[in-house]
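> predicted model, plus sequence, below.
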Amino acid sequence: MDLLGIVREWVSIRQEKRDHCKSCLILQEQLINALAREQKLLSVITAKPEPVKQEQVIAPQPVNRGAMPWHIKRQILEQEDRVKAAALKRQAEEAQTAKTYEKDPKNPEISQELSIKDLEKELAIGGE
């Protein structure tokens with residue numbers, strides 16, 4: 001046997017003496033994990049808070065309609081028309097609901113019941 005073999009054998013014998021039981025290894029791993037968590041918490045607690053960056057709000061630039069192609073200009077005009085139409089429709093619906101709250105001279109009980117049901121829906125009370 002050569003000198004290198006003797007050293008290897010001596011090192012392996014020494015390592016065998018160092019081996020621990022499974023419960024000791026588990027406890028050692030848990031200790032390492034706990035220390036790592038503790039170190040992480042300490043670093044978070046002692047870390048300097050980063051300053052909050054203020055984002056600049058960019059105001060929309062007015063659109064120069066004279067310098068854009070016709071198909072883009074048409075799309076913008078159509079979108080504006082849709083918004084106006086939706087506003088008019090919403091206004092007409094509000095006027096229509098305002099009329100339902102008024103009493104009907106022909107049948108006052110029905111119009112009053114409708115308005116009470118509508119009010120209950122708005123206030124989120126009642127069975128419906």
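Yep, it's here.

> what's the helix or strand hosting residue 33 packed up against?
If you go by DSSP states H and E, residue 33 is part of helix 22-46. When contacts are defined as 3 or more CB pairs under 8 Å, 6 or more residues apart in numbering; DSSP states H and E, helix 22-46 sits against none of the other helices and strands. From N, CA and C alone the C-beta is placed, and that goes for glycine too.

> buried residues in it?
Taking 16 or more other CB atoms under 10 Å as the neighbour-count basis, helix 22-46 is seen to contain no buried residue.

> report the distance from it to the chain centre.
Between the centre of helix 22-46 and the centre of its host chain there is 33 Å, according to CA atoms, centre = their mean, to the nearest Å.

> could you chop this protein up by domain?
Listed by automatic domain parsing, the domain ranges of the chain are 3-45, 70-123.

> could you dump these to CSV with distance to residue 54 and mean pLDDT?
Compiled in CSV, the domains of the chain are given as follows (distance: least, CB to CB, whole Å; pLDDT from 0 to 100):
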stretch, distance to residue 54, mean pLDDT
domain 3-45, 25, 82
domain 70-123, 32, 76
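
> could those go into a markdown table alongside distance to residue 51?
Converted to a markdown table, these look like this (distance: least, CB to CB, whole Å):
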| stretch | distance to residue 51 |
| --- | --- |
| domain 3-45 | 17 |
| domain 70-123 | 40 |
